[in-house]
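A.B. asks: Starting from these lines, generate the structure:
(one chain, ligands or ions: 2)
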Amino acid sequence: MRTIVITGSSRRLGLFLVEKFLSMGDTVIAVTRSDPQDFQPISSEHLHLIQIDSYDQLGITKTMQAIEALADRVDLLINNASMYDADPESVEELEDHYLSLFNVHMLFPSLLISALKERMYNESTPGVVINMTDIYADNPNPEYSLYCSTKSGLESLTRSFAKKFAPGIRCNSIMPGPIQFLEQHTEQQKSEVYKETLLPFEGGYMPVFQAVTFLLDNHYVTGTSIKVDGGRSICRG
Ligand SMILES: NC(=O)C1=CN([C@@H]2O[C@H](COP(=O)(O)OP(=O)(O)OC[C@H]3O[C@@H](n4cnc5c(N)ncnc54)[C@H](OP(=O)(O)O)[C@@H]3O)[C@@H](O)[C@H]2O)C=CC1
Ligand SMILES: Nc1nc2c(c(=O)[nH]1)N=C([C@H](O)[C@@H](O)CO)CN2
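C.D. replies: Ligands and ions are numbered 1, 2, ... in the order given. Sure thing, here's the model as predicted:
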């Protein structure tokens, strides 16, 4: 039985991945800021929740204390947690906003990968790290410049960790496109996105899960990114 750690696990893609791996018989350690009530519908002895206040150094300490009691080996770490907010209007808000984005997209993933190294490093059966980034990492949306820059930073960290921990850990990223809009997205906004997407519909979570299983199962892939974006990245200006 594999042990899989997923951050940002309480809803949407994260919760979808939790349920998929549980259904495959894996043990899932779900890191979340949210209330455990969000996981109520899932009744599995193989699901372990780690509730943290935020994705920062304190969150890492609590996460590692919990994992140390749960598992000697981690087979897959998915850094999925993310904060998707446009740049703040005022300069006064900019610093706090940027620090929050840096914490969740760069600090927490890099600290967690480093802290889990001893539980993941094995040259005959390497552990696998998958960082969820964004096609915006390569070609930013200027209204989300701070978000995009920290996703770009996570792309860079992906390649650094691939170099740092080879051959005992493989580290890759997935760059989603419009897989699932938020409720606050208007029909006009969705239409604008579809106009620059070759496959003009929401991809959903399954295509991302299929990319996750490819990266998990393919033993000769590290230091790379897989776009799951309906072709949007080659259409956007
Ligand atoms: N949806 C899409 O179309 C796209 C998604 N992506 C990326 O794919 C991944 C999954 O996407 P999606 O499911 O939509 O992600 P969400 O926007 O739902 O965020 C993922 C999780 O991160 C945690 N989170 C949310 N807000 C914050 C915050 N402000 N600070 C810290 N943690 C927060 C929550 O988990 P918890 O409360 O359990 O901690 C949340 O469920 C993300 O990394 C995202 O950037 C990239 C491009 C497009
Ligand atoms: N953490 C998140 N990141 C992103 C989301 C999201 O819902 N949560 N959504 C998008 C957009 O859908 C974009 O792909 C199209 O406008 C980008 N990142």
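
A.B. asks: Give me the most central residue, this structure.
C.D. replies: residue 80 (1.9 Å; Cα atoms, centre = their mean).

A.B. asks: does any part of stretch 176-187 sit near ligand 2?
C.D. replies: Yes. Using Cβ under 6 Å from any ligand atom, we find that stretch 176-187 touches ligand 2 at 177, 178, 181, 182. Quick note: C-beta positions are derived from backbone N, CA and C, even for glycine.

A.B. asks: can that stretch be found next to ligand 1?
C.D. replies: Yes. Stretch 176-187 comes into contact with ligand 1 (Cβ under 6 Å from any ligand atom), by way of 176, 178, 179, 180.

A.B. asks: Output those residues in a markdown table, with secondary structure, pLDDT and distance to residue 221 appended to each entry.
C.D. replies: Output for the residues of stretch 176-187 next to ligand 1, formatted as a markdown table (DSSP: H, G, I helix; E, B strand; the rest coil; pLDDT from 0 to 100; distance: Cβ to Cβ, whole Å):
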| residue | secondary structure | pLDDT | distance to residue 221 |
| --- | --- | --- | --- |
| 176 | strand | 98 | 18 |
| 178 | coil | 98 | 25 |
| 179 | coil | 98 | 21 |
| 180 | coil | 98 | 25 |
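
A.B. asks: Of those residues, grab the buried ones for ChimeraX.
C.D. replies: In ChimeraX, this line selects whichever of the residues of stretch 176-187 next to ligand 1 come out buried by 16 or more other Cβ atoms under 10 Å:
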select :176,178,179
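
A.B. asks: any idea which of the residues of stretch 176-187 next to ligand 1 is closest to ligand 2?
C.D. replies: Nearest to ligand 2 among these, counting by Cβ to the nearest ligand atom, is residue 178 at 4.4 Å.

A.B. asks: Alright, I will stop here.
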